[in-house]
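>>> I'd like to go over a predicted model; first the sequence, then the structure.
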Amino acid sequence: MMTTYLLRFEKILAHRFWGIIVFLCMMWLMFFSTFYIGAFPMSWIETAISAAANFCKKAIPNDTLGEFLAYGVIEGVGSVLAFLPNIIILFFFIAFFQMSGLSQRFALLMDKLMHGIGLHGSSFIPLLMGFGCNVPAILGTRIIPKKTDRLVTMLMIPFMSCSARLPVYILLIGTFFPESPLLILMLLYVSGILLAILTAFVINKFIFKPEKDNSDIYHCRLHKPEIKPMLQMVWDAASEFLKKIGTVVLLAVITIWFLNHYPRHDDAANNEHRSYLERVGETVAPVFKPMGFDWKMSVSLLSGLPAKEFIVGTMSVLYNTQTDDTPNQELVGERLKNEVYLTGAKAGKPVFNKAVALAFLFFSLLYMPCIGVIVSIYKESQSVKWAFFTVFYTISLAWVVSFAVYRITLFWI
């Protein structure tokens, strides 16, 4: 009975029209589940983190130590930990696609499209893997027969929205676009895919001369996925996420907290409190000002260069404003919504609006991937020039696209 249904489903996937419809529906279901179903356990974790931070602050009499542990460590790390359910759901779908043979069927379905941009259909499999993590996706390009196709696919993968970017998407979309969150989320993913295709087209047009490739894609029949390997893949992804939170994310938020709180008022000359981090932010802020970003957003993007998970943790620390030495008890999203400029021509006006939030989302999508991705491109391509090309190309494209998005959105709101 199961075999009969799978054969019928294979025929639908092989259809030029209905196969595309099924693929899009599955992508929509993946994004819908990641955002909406993941929102429930995410809210529970956020509530628990907030309660733990408040308890810690009240239990420790030393203001500096209590504030550091509560709002530097617990809330800083917790703001990233809250997105664990979303990560688990995303990887569950990716594991299902891979274990059932659907990823290979999707590659067959997209073979003609991939040839249209000068690539082999097998390039689609590592691109799909890139939605989980870009690093193994780049290693996965080894299945591609031609060296030039492998290289072009590697340069496309950073535009696939990996799970590390997901916390940024969910935070800003849920805060500033609650009326159409799924639309904005799909807009980001689809934009990344289109820009990846554009990148491949330009490279094949002006750098490489693609040769006709008639090699076949490895044909894999659909089959019932085994639950144990699927769960193992999801567990490995969740474990890796938790390890990163307990090590590099923890170190990052601690560093950000100290740089943002020192020198303190009594240490600063003439009682002018400008933290070390604020000075760094003000130095780089002119680069990001055309997109409407303030210095805190600029620093958050800089912190995301080693790993995109750092962005939300940094924002949690930086936007934890204080009034009368009392830390803000609101969740990160509410803090962003209520943040206003304190000085200058924009004093009293909101720092964030839909245009700024959307520009920030696009910049987070497009700018330089994490260090691990850059190193992987260098090792797999065996050329440092392609690693540097990825850095400068993605940052430049991110700036141009974000600026355009900001200006166009301002015109409409």
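Structure's in. What do you need?
>>> When you work out contacts or count neighbours from here on, use the C-alpha atoms and nothing else.
Noted.
>>> what residues does stretch 165-175 touch?
Outside stretch 165-175, the residues that touch it by Cα atoms under 8 Å, 6 or more residues apart in numbering are 35, 80, 83, 86-87, 181, 184-185, 308-309, 311-312, 333-334, 337, 357, 361, 364-365.
>>> Could you rerun that using 7 Å?
For stretch 165-175, the surrounding residues in contact (Cα atoms under 7 Å, 6 or more residues apart in numbering) are 80, 83, 181, 308-309, 312, 333, 357, 361, 365.
>>> Now it: average pLDDT?
Averaging pLDDT along stretch 165-175 yields 93.
>>> Quickly find the element holding Ala345.
For Ala345, there is no host helix or strand (DSSP states H and E).
>>> What separation do you get for it and Glu334?
According to Cα to Cα, to the nearest Å, Ala345 and Glu334 sit 24 Å apart.
>>> Give me the distance from stretch 170-188 to the chain's centre.
13 Å (Cα atoms, centre = their mean, to the nearest Å).
>>> Next, the distance between the ends of that stretch.
With Cα to Cα, one end of stretch 170-188 sits 11 Å from the other.
>>> circling back to that earlier point, quick one: which of Ala345 and Glu334 has more around it?
For Ala345 versus Glu334, neighbours defined as other Cα atoms under 10 Å are more numerous around Glu334 (14 against 8).
>>> pLDDT at the more buried one, what is it?
We have a pLDDT of 88 for Glu334.
>>> Excluding sequence neighbours, find me the nearest residue to it.
Excluding the flanking residues, the one nearest Glu334 by Cα to Cα, 6 or more residues apart in numbering is Thr175, at 7.3 Å.
>>> residues near that neighbour, how many?
19.
>>> Going by secondary structure, it is in what exactly?
helix 166-176.
>>> same thing with Phe352?
Going by DSSP H and E, Phe352 is not part of any helix or strand.
>>> what's it in contact with, if anything?
336-337.
>>> How much space separates it from Lys296?
Distance of Phe352 to Lys296, computed by Cα to Cα: 11 Å.
>>> And Trp386, by the same measure?
Taking Cα to Cα, one finds Trp386 at 31 Å from Lys296.
>>> between these two, who's got more neighbours?
Lys296 (21 against 17).
>>> Verify the stated contact: that one with Val280.
No: the criterion here is Cα atoms under 7 Å, and Lys296 misses it with Val280 at 9.7 Å.
>>> Now Val248: phi and psi?
Note on Val248: backbone dihedrals following degrees, to the nearest 10 are phi -70, psi -40.
>>> Pull the distance from the host helix or strand of Val234 to the chain's centre.
Applying DSSP H and E as the criterion places Val234 in helix 227-244. Relative to its chain's centre, helix 227-244 lies at 18 Å (Cα atoms, centre = their mean).
>>> try stretch 382-389
23 Å.
>>> any idea which helix or strand carries the closest residue to Gly78 other than its chain neighbours?
Spatial nearest neighbour of Gly78, chain neighbours left out: Ile49 (5.9 Å); criterion: Cα to Cα, 6+ apart. Using DSSP H and E, the element containing Ile49 is helix 38-59.
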